[in-house]
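Enquirer: turn this into a structure:
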Amino acid sequence: MAAFALRYARAFADVIAEAHLSYEDVKRQLKDFTTAWHAAADLREVFLDPSFPLPEKITILDRMNQKLQLAPQVKNFVAVLLHHNRMDAYEEILDEFRREMNSRLGIAEVEVTSARVLDEQERRALILKIGELVHGKVEATFREDQALIGGVIVRVGSTVYDGSVRGRLAVLENQLAAK
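Expert: Next up, the predicted model:
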């Protein structure tokens, strides 16, 4: 992680807090901009080119904003990144911003790994249980790993809860080896 990414993320989080903007609205707007960013290689090329004049980049951003309808603070955030030639770290700064906002709002970031794809009802039930465990809101990312055989592994920060069959077998193996 680049040290500057956290500085930009914290500054943007401060701006969002001072303006009393909804984090959900800001996330949606950033997602819209990110979708446009990923969809247009020529846009990325122009925004990433330090020799392309900044006023022209801002004009392009303003034209994009007519369609995207970004809050002034969100548009200004992108403009600041353009001005400081930091668009190459856009995704990293967004990741840091998400972590910063989740921390400020008391939302636990959780990674759930399961042996198979969990349906929506299973995901909701698991999120509720994890919410009880961490005594708060949860933002979960889900992934699959068939090597687990069954069950789930839940990572909350640096704490790992291993409820997988593979994990239980490893514990059993250690217990048997100790006897």
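Enquirer: domains in the protein, by residue range?
Expert: Following automatic domain parsing, the chain resolves into domains at 3-103, 107-178.
Enquirer: so what secondary structure elements neighbour the lowest-mean-pLDDT helix or strand in the chain?
Expert: Least confident helix or strand of the chain, by mean pLDDT, DSSP states H and E, is helix 165-178 with a mean of 77. Helices and strands touching helix 165-178, by 3 or more CB pairs under 8 Å, 6 or more residues apart in numbering; DSSP states H and E: there are none. The way it works is simple: take the backbone N, C-alpha and C, and place the C-beta from them, glycine included.
Enquirer: quick one: buried residues of it?
Expert: Applying a neighbour-count criterion of 16 or more other CB atoms under 10 Å, one finds residue 167 buried in helix 165-178.
Enquirer: which outside residues touch it?
Expert: Helix 165-178 has contacts (CB atoms under 8 Å, 6 or more residues apart in numbering) with 115, 147, 148, 149, 150, 151, 153, 162.
Enquirer: filter the residues you listed down to the ones in strands?
Expert: Of the contacts of helix 165-178, the ones assigned to strands by DSSP state E are 153, 162.
Enquirer: in ChimeraX, select just the buried ones from the contacts of helix 165-178.
Expert: Per 16+ other CB under 10 Å, the buried members of those correspond to this ChimeraX selection:
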select :115,148,153,162
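Enquirer: of the contacts of helix 165-178, closest to residue 90?
Expert: residue 153 (30.5 Å; CB to CB).
Enquirer: what's the closest non-adjacent residue to that closest one?
Expert: In space, and not counting its chain neighbours, residue 153 is closest to residue 113: 4.5 Å by CB to CB, 6 or more residues apart in numbering.
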